[in-house]
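K.L.:
here is a sequence together with a model predicted from it:
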Amino acid sequence: MKEAKRLQKLPPYLFARIEKKIQEKKAQGVDIISLGIGDPDRPTPEHVIDKLVEQAHNPENHGYPSSVGMLEYREAVADWYKKRFDVELDPKEEIVSLIGSKEGIGHISFCYVDPGDINLVPDPGYPVYGIGTLLAGGEPYYLPLKEENGFLPDLAAVPGDVADKAKILFINYPNNPTGALADLDFYNKVVAFAKKHDLIICHDAAYSEIAFDGYEPPSFLQAEGAKDVGIEFNSLSKPYNMTGWRIGWAAGNKEVVEALGRIKSNLDSGAFQAIQHAAIAGLSGSQDPVKEMQKVYQERRDAAIDGLNKMGWTMDKPQATFYVWAPVPKKYNSSEFAELVLEKAGVIITPGIGYGENGEGYFRIALTVEKNRIEEALQRMQEAIGKVEF
């Protein structure tokens, strides 16, 4: 059977390869410490689980849900935006529920991209921006994220004809994989760029609540005119340890929100209502569990950075996300170094090339194992590799 060309264009999904490698090593009896995949290791807060159990027993939640989400859930998202960012949103027209933000990011290109169209995609970046573009028949135009620019895209360097042809610009801050930050001044420039070239901004804010040292990431929707040009994706996955629950949202421009809801109504049947009720409990209840998780990740970040710096790195401590983005030592590319660390130390790290051509020369560590395991992983690396040079 011949696969569709759109499927043949897709690279192997990065994390599927990592999971396969982990299973292979475990089968060999190796005690693997995986710092590869950004999947929170702590349980979902009890009050969220209790609400799911309660609502799962309610027969009213057993039928098909609305594909755009319960109004009560969308109201909870709007209330959260008001409290967190002082952003006003109309829950009826400016918010759509998602089966996790990944689903919405993957589907948004189907709303606006025709074969041959261009989307502007950060590189390195979350692979789904480019994959969704390809599946819709479009072509990603990659925007290099360089360390010297704070891993922000240089919008002025995008050729005018490319910008005019582009349908969507994807941005993501706090950033995966680099941990970079963006401020409102940058978002204001993004809005101006979108208005000049008549394109849609899709901001992935999945890590907005994973921040340290008193830092509070802003929302793209706080920028003046943001709702004129784009939407913001977010989810409960990271702050509430709910990756497997698959519940998130897109918020902002009502035409874009409506288009995404329309495509979803033809492709899925929405999120289980009991999960939406549980999400309401998370968003509307005490945020103490989020603050506690920030402390946990901050301790893990410190352990990872301290361990790397003992080996010869000179790393600053990132203020957001649960990732560390570090340069590869001299004499290695990112894949070679990841392979060395796995074979010699039994530690999984993610090669930067998996996030795009401009990720070469770096690797990513996910802080999603306990602090003592991070310390052990870095100790193993030090014993196996010794001091590194750059």
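P.N.:
Here it is on my side, so go on. Residues are numbered from 1 along each chain as shown.
K.L.:
lowest-pLDDT helix or strand in this protein?
P.N.:
Every helix and strand of the chain was ranked by mean pLDDT, DSSP states H and E. The lowest is helix 14-27, at a mean of 74.
K.L.:
next secondary structure element downstream of it?
P.N.:
strand 33-34 (DSSP states H and E).
K.L.:
that following strand packs against which elements?
P.N.:
strand 347-348, helix 371-385 (3 or more C-beta pairs under 8 Å, 6 or more residues apart in numbering; DSSP states H and E). Bear in mind the C-beta positions are built from the backbone N, C-alpha and C, glycine included.
K.L.:
buried sites along the longest one?
P.N.:
Along helix 371-385, the positions that meet the burial threshold by neighbour count (16 or more other C-beta atoms under 10 Å) are 371, 373, 374, 376, 377, 378, 380, 381, 382, 385.
K.L.:
which single one of those is nearest to residue 33?
P.N.:
Using C-beta to C-beta, residue 377 comes nearest to residue 33 of the buried residues of helix 371-385, at 4.3 Å.
K.L.:
tell me the domain boundaries of this structure?
P.N.:
Using automatic domain parsing, the domains assigned to the chain come out as 5-43+288-385, 46-284.
K.L.:
what sits up against the helix or strand where residue 294 lies?
P.N.:
Per DSSP H and E, residue 294 falls inside helix 288-311. For helix 288-311, contacts defined as C-beta atoms under 8 Å, 6 or more residues apart in numbering pick out 40, 42, 45, 209-213, 239-241, 315-318, 322, 324, 326, 365, 367, 369-371, 374-375, 377-379, 381-382, 385-388.
K.L.:
can you give me the helices for the stretch 201-350 of the chain?
P.N.:
Ranges of helices within the stretch 201-350 of the chain are 226-229, 254-267, 273-284, 288-311, 334-345, based on DSSP state H, counting those that start in this stretch.
K.L.:
average pLDDT across the fourth one?
P.N.:
Per-residue pLDDT over helix 288-311 has a mean of 98.
K.L.:
any idea which of the helices of the stretch 201-350 of the chain is most buried?
P.N.:
Of the helices of the stretch 201-350 of the chain, the one with the most neighbours on average (mean count of other C-beta atoms under 10 Å) is helix 273-284, at a mean of 23.
K.L.:
so where is the protein shaky, pLDDT-wise?
P.N.:
Judged against pLDDT under 70, the low-scoring parts of the chain cover residues 13-18.
K.L.:
which parts of stretch 70-86 are buried?
P.N.:
Going by 16+ other C-beta under 10 Å, stretch 70-86 has these buried residues: 70, 73, 74, 75, 76, 77, 78, 80, 81, 84, 85.
K.L.:
the fifth one belongs to a helix?
P.N.:
Yes. Residue 76 forms part of a helix when assessed by DSSP: H, G, I helix; E, B strand; the rest coil.
K.L.:
quick one: contacts for it?
P.N.:
Residues counted as contacts of residue 76 (C-beta under 8 Å, 6+ apart) are 279, 280, 283, 284.
K.L.:
recalculate using a threshold of 7 Å.
P.N.:
Taking C-beta atoms under 7 Å, 6 or more residues apart in numbering as the contact definition, residue 76 lies against 280, 283, 284.
K.L.:
tell me the one among those nearest to residue 257.
P.N.:
Closest to residue 257, out of all of those and judged by C-beta to C-beta, is residue 283, at 17.9 Å.
K.L.:
I'd say the closest one and residue 80 touch.
P.N.:
Yes. Using C-beta atoms under 7 Å, residue 283 is in contact with residue 80, at 4.6 Å.
K.L.:
for residue 385, give me its contacts.
P.N.:
Listed by C-beta under 7 Å, 6+ apart, the contact partners of residue 385 are residue 344.
K.L.:
and what of residue 142?
P.N.:
So residue 142 contacts 121, 123, 356, 357 (C-beta under 7 Å, 6+ apart).
K.L.:
got those as a markdown table, with distance to residue 195 columns?
P.N.:
As requested, these are exported to a markdown table (distance: C-beta to C-beta, whole Å):
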| residue | distance to residue 195 |
| --- | --- |
| 121 | 20 |
| 123 | 24 |
| 356 | 27 |
| 357 | 29 |
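K.L.:
among those, who's most crowded?
P.N.:
residue 121 (27 neighbours; other C-beta atoms under 10 Å).
K.L.:
which SS class is that residue?
P.N.:
Here residue 121 is recorded as strand under three-state DSSP.
K.L.:
still on that earlier bit, tell me the gap between the helix holding residue 294 and the middle of its chain.
P.N.:
19 Å (C-alpha atoms, centre = their mean, to the nearest Å).
K.L.:
report the angle between that helix and helix 273-284.
P.N.:
Angle of helix 288-311 versus helix 273-284, following axes from the mean of the first three to the mean of the last three C-alpha atoms, to 10 degrees, is 80 degrees.
K.L.:
alpha carbons of helix 288-311, as PDB, please.
P.N.:
The C-alpha trace of helix 288-311 is given here as PDB (Å, rounded to 0.1, in the frame of the first residue of the first chain):
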ATOM      1  CA  ASP A 288      -0.800  26.200  45.900                       C
ATOM      2  CA  PRO A 289      -0.100  22.900  44.000                       C
ATOM      3  CA  VAL A 290       1.300  25.000  41.100                       C
ATOM      4  CA  LYS A 291       3.500  27.000  43.400                       C
ATOM      5  CA  GLU A 292       4.700  23.800  45.100                       C
ATOM      6  CA  MET A 293       5.600  22.300  41.700                       C
ATOM      7  CA  GLN A 294       7.500  25.500  40.800                       C
ATOM      8  CA  LYS A 295       9.600  25.000  43.900                       C
ATOM      9  CA  VAL A 296      10.300  21.300  43.000                       C
ATOM     10  CA  TYR A 297      11.400  22.200  39.500                       C
ATOM     11  CA  GLN A 298      13.500  25.100  40.700                       C
ATOM     12  CA  GLU A 299      15.400  22.700  43.000                       C
ATOM     13  CA  ARG A 300      15.800  20.200  40.100                       C
ATOM     14  CA  ARG A 301      17.000  23.000  37.800                       C
ATOM     15  CA  ASP A 302      19.600  24.000  40.400                       C
ATOM     16  CA  ALA A 303      20.800  20.400  40.700                       C
ATOM     17  CA  ALA A 304      21.100  20.000  36.900                       C
ATOM     18  CA  ILE A 305      22.900  23.300  36.300                       C
ATOM     19  CA  ASP A 306      25.300  22.800  39.300                       C
ATOM     20  CA  GLY A 307      26.100  19.300  38.000                       C
ATOM     21  CA  LEU A 308      26.800  20.500  34.500                       C
ATOM     22  CA  ASN A 309      28.900  23.400  35.700                       C
ATOM     23  CA  LYS A 310      31.100  21.100  37.700                       C
ATOM     24  CA  MET A 311      31.900  19.300  34.500                       C
END
